[in-house]
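Enquirer: here you go, sequence then predicted model.
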Amino acid sequence: MPDWIIVFLRSLLAIAVLFFMTKLLGKRQISQLSLFEYITGITLGSIAAYICVEINTSWYLGVVSLVTWGGVTIGMEYLQLKSKKARDFMDHRGTVLIQNGKILEDNLKKIRITSDELLTRLRQKNMFKVADVEFAIMEPNGEINVFPRKENQPLTPKDLGIRIPHETVPQTVIMDGKILDHSLHNLGLNRRWLHTELKKAGVSVENVFLGQVDDMGELYLDLFDDTIQVPKPKTRQLLLATLEKALADVKGFALDTNNPEAKKMYRACQNELEQVITKVRPRLQ
C-alpha cells in the first residue's frame, strides 16, 4: 500500500479518536483547563501527530496511548467531581492576593507573581488603584477576580430603588431563511402568526437571515440584504401611548363631571392607571 494512503488512513483514525476523546473530556475553554488537563491536551495532539506520520511503527500502540491518556484524564475529572480533597490537590485552591484593601505579599510569593504583574492584572479588570480594591483572588485557572470597595461599585437599579421587570431570553424563530417550529412552539405561537408579522414588515421568510421574538411578542428581523431597512416593531410604544391616553381621558372625565361619586370613581381609576404605567414604563419605553 502506498505511504500516502497509509498516512491518510491513520490521519482519519487519529481524528476520529481525538474527536471521541474531546467529546468525553467536556467543553472547557483553554482558560478553564487545569495544568494537568492542559498537558494532556498537548500530549494527545502530539501522539495523534505521531500516529499519522510514523509509518514504520505499529499504529495501534499510538491508539492505546491516546486512550490511556484520555481515560486517566476522565478518571481524574470524575474523582474531582466526587471529592473536594481531590479538587484541592489537583487544581489547588484559590489564593487571596488582596484582602480588606491590603496586598498579601506572602501569598504573592507563594504563587510567584510580582507586584508589577499584579498591577497589570488589576488594570485588566479596570482597577488602576489598589486602594479601590476590597478583595482580589487568583482562581485555580490563573484568573484574578476583583471585588471593588462599596463606594467604587457601579450603581444598579436596585441601589436607586428601581424595580426592573423580569425579561426572558429572546427565541430565534427564523435562521438562514428557515422557520424554526420548535421555537415558535415554545412561545405558544404558530406559522400563521409569523407569516402575518412578516407581511406587516413587507418581507418573505427566504429573505430573513435571522428573526427573533422577545418576551413581549415583538419580532425583530435581520435580512440577507443589509440595504433594506426593516421597520422596528412599535407594539410597546403603542401600548404605552394607549395607557397614557387612557390616563388623560380619565383625568378629563374627573374634571368634567360635577357628580361627587363619579369624580371619586375617576380619581380612583386615575391612581390605579398611574401605578400601572409606573410599573410597566421601563418595559415599554
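Expert: Everything's here; your move.

Enquirer: show me what contacts Val146?
Expert: When contacts are counted by C-beta atoms under 8 Å, 6 or more residues apart in numbering, Val146 touches Ile98, Leu122, Lys125, Met127, Val133, Phe135, Ala136. The C-beta positions use only the backbone N, C-alpha and C, and glycine is treated the same way.

Enquirer: and Asn141, what are its phi and psi?
Expert: Backbone torsions of Asn141, given as degrees, to the nearest 10, read phi -90, psi 0.

Enquirer: hang on, Val96 in a strand?
Expert: Yes. The assignment for Val96 by DSSP: H, G, I helix; E, B strand; the rest coil puts it in a strand.

Enquirer: where does Leu221 land in three-state SS?
Expert: strand.

Enquirer: Leu108 too?
Expert: What three-state DSSP gives for Leu108 is helix.

Enquirer: I'd say it and Thr114 touch.
Expert: Yes. Counting by C-beta atoms under 8 Å, Leu108 does reach Thr114; the two are 7.4 Å apart.

Enquirer: and these two? Which one has more around it.
Expert: Leu108 (18 against 10; other C-beta atoms under 10 Å).

Enquirer: quick check: that one vs Val96, distance?
Expert: 10 Å (C-beta to C-beta, to the nearest Å).

Enquirer: ditto for Ile174
Expert: Applying C-beta to C-beta to Ile174 and Val96 gives a distance of 49 Å.

Enquirer: and for Tyr220?
Expert: 45 Å.

Enquirer: quick one, helices of the stretch 101-250 of the chain?
Expert: 105-110, 115-124, 181-187, 191-201, 235-256 (DSSP state H, counting those that start in this stretch).

Enquirer: save these as JSON lines, and put in mean pLDDT and distance to Ala49 too.
Expert: As requested, the helices of the stretch 101-250 of the chain are exported to JSON lines (pLDDT from 0 to 100; distance: least, C-beta to C-beta, whole Å):
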{"stretch": "helix 105-110", "mean pLDDT": "88", "distance to Ala49": "37"}
{"stretch": "helix 115-124", "mean pLDDT": "90", "distance to Ala49": "34"}
{"stretch": "helix 181-187", "mean pLDDT": "88", "distance to Ala49": "41"}
{"stretch": "helix 191-201", "mean pLDDT": "88", "distance to Ala49": "49"}
{"stretch": "helix 235-256", "mean pLDDT": "82", "distance to Ala49": "56"}
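
Enquirer: got those as TSV, with distance to Glu37 columns?
Expert: Output for those, formatted as TSV (distance: least, C-beta to C-beta, whole Å):
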stretch	distance to Glu37
helix 105-110	22
helix 115-124	22
helix 181-187	35
helix 191-201	44
helix 235-256	47
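
Enquirer: so which of the ones you listed comes closest to Leu13?
Expert: Minimum separation from Leu13 across these (C-beta to C-beta) falls at helix 181-187, 36.1 Å.

Enquirer: quick one: that closest one to chain centroid distance?
Expert: Offset of helix 181-187 from its chain centre (C-alpha atoms, centre = their mean, to the nearest Å): 21 Å.

Enquirer: give the buried residues for it.
Expert: Residues of helix 181-187 classed as buried by neighbour count (16 or more other C-beta atoms under 10 Å): Ser183, Leu184, Leu187.

Enquirer: looking at these, which is nearest Tyr78?
Expert: Distances from Tyr78 to the buried residues of helix 181-187, taken by C-beta to C-beta, are shortest for Ser183, at 35.0 Å.

Enquirer: quick one, what contacts the closest one?
Expert: Residues counted as contacts of Ser183 (C-beta under 8 Å, 6+ apart) are Gln171, Thr172, Val173, Val213.

Enquirer: can you check Tyr266 too?
Expert: Counting by C-beta under 8 Å, 6+ apart, Tyr266 touches Val250, Lys251, Phe253, Ala254, Thr257.

Enquirer: how about the contacts made by the fourth one?
Expert: So that's Ala254. Going by C-beta under 8 Å, 6+ apart, Ala254 touches Lys263, Tyr266, Arg267, Gln270.

Enquirer: among those, find the lowest-pLDDT one for me.
Expert: Within the contacts of Ala254, pLDDT reaches its minimum at Lys263, with 82.
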